[in-house]
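[1] based on what follows, work out the 3D shape:
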Amino acid sequence: MIRIGKISYWHVHAEEYTQQVLDNPHSELAAIWDEDPVRGEQKAAQYGVPFIADLDELLQREDIDAVVVDAPTNLHHEVMVKAARAGKHIFTEKVIAPTLQEVNEIMNEVAKAGVRMAVSLPRLYEAYTLAIQEVLDSGRLGKLTEARVRLSHNGAIAGWLPAHFYSKEQCGGGAMIDLGCHPMYLVRLFLGMPEQVSAVFGYVTGKEVEDNAVVILGYGSGAVGIVEAGFVNARSPFSVEIHGTEGSLLFGLPQEKILVSSSEGSGWDEVEAGDRLPIAFDQWITHIQEGKELNLNLEIARDLTSLMEAANLSAQEHRAVRINELKG
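    Numbers count the residues shown, from 1 in each chain. Next up, the predicted model:
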């Protein structure tokens, strides 16, 4: 049994990850730490486990094998470096950290300690993603020229996002670094890493961070990636649109069907999706047991931070930012 220390309930998905700990037959919730002691004590009482007020004390406990990190993004570096040095396996909400330099420092400590790390990138393992990737790998679309992925909700206009999700200090940004992570890592999966990033951020509700955002990824091949995210759209469907020299693929416009039109067929053909892969948490537990790395997960998670750092810099300086400008 892998005994889990829960690190914070700051993130909106913290309860979801707690449930994943409880649902997996090979893991159990052992203790809770939270930067907000009142919240931490409440959660510990709710789940019937100890609340540990001192993070270092929790990380040194021999009855804890691993941690699930849902702390504010600006605390990720401190928390995960300490966890790795304490020999604890790490599962974390995205992004790993706001900058490439911080991510590299965390991953170096993870490698030194020989612990297993995984990042929650849920749409990477969905059935539609796997089916879309199969279409791309088949070459039906020819040379890829564009990938556009959009994900949006109404959190900022309906008032259901917690106030701290609009803190630039804690989050490192707004709609793009939070919700936009999902379309960003999907475009990265479909097209690879770009050479440059250009971002435009909008502030519809006047928050400290952007609530409406578009990022354009530029590739040496001439391909273009488009990543869209927002907290201010009530009925915008999650959508994927991929084009190539021989065909196009659509998903979620608005139905959740994969449609392909190419020179190999006539009109739009529906592609059936198979089974999804296990969720990242369950994969992480299995990899801890088997002593394996989640290589693709960590590679894409590292690249995700690079892309988010470049997007933030682009929006701030009103210019295209080349990936090789970032300090690693």
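[2] contacts, neighbours, all on C-alpha from now
    Fine.
[3] local confidence estimate at the residue nearest the centre of the chain?
    What sits nearest the mean C-alpha location of the chain, by C-alpha atoms, centre = their mean, is Lys94, with 3.9 Å. As predicted, Lys94 sits at a pLDDT of 97.
[4] what's the answer for Lys88, then?
    98.
[5] go on, the one 10 residues further on?
    Reading off the per-residue confidence, Pro98 sits at a pLDDT of 96.
[6] leaving out the residues flanking it, which one is nearest to Leu294?
    Closest residue to Leu294 apart from its sequence neighbours, by C-alpha to C-alpha, 6 or more residues apart in numbering: Ala118 at 6.5 Å.
[7] count the neighbours of the one you found for me.
    26 (other C-alpha atoms under 10 Å).
[8] now swap in Thr18 and tell me
    17.
[9] wait, a helix at it?
    Yes - with DSSP: H, G, I helix; E, B strand; the rest coil as the criterion, Thr18 is part of a helix.
[10] residues contacting it?
    Residues near Thr18 by C-alpha atoms under 8 Å, 6 or more residues apart in numbering: 6, 29.
[11] one more: Lys88?
    59, 64-67, 115.
[12] from these, which ones fall inside helices?
    Leu59 (DSSP state H).
[13] strands along the stretch 51-200 of the chain, start to end?
    For the stretch 51-200 of the chain, the strands defined by DSSP state E, counting those that start in this stretch cover 66-69, 89-93, 117-120, 144-152, 196-202.
[14] and these as a markdown table, adding distance to Phe251?
    Below are the strands of the stretch 51-200 of the chain laid out as a markdown table (distance: least, C-alpha to C-alpha, whole Å):
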| stretch | distance to Phe251 |
| --- | --- |
| strand 66-69 | 32 |
| strand 89-93 | 26 |
| strand 117-120 | 22 |
| strand 144-152 | 9 |
| strand 196-202 | 24 |
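[15] grab the nearest non-local neighbour of Arg322.
    The nearest residue in space to Arg322 (C-alpha to C-alpha, 6+ apart) is Gln196, at 4.1 Å.
[16] who are the contact partners of the residue nearest to Leu294?
    Per C-alpha under 8 Å, 6+ apart, neighbours of Ala118: 90-92, 280-281, 284, 294, 297-298.
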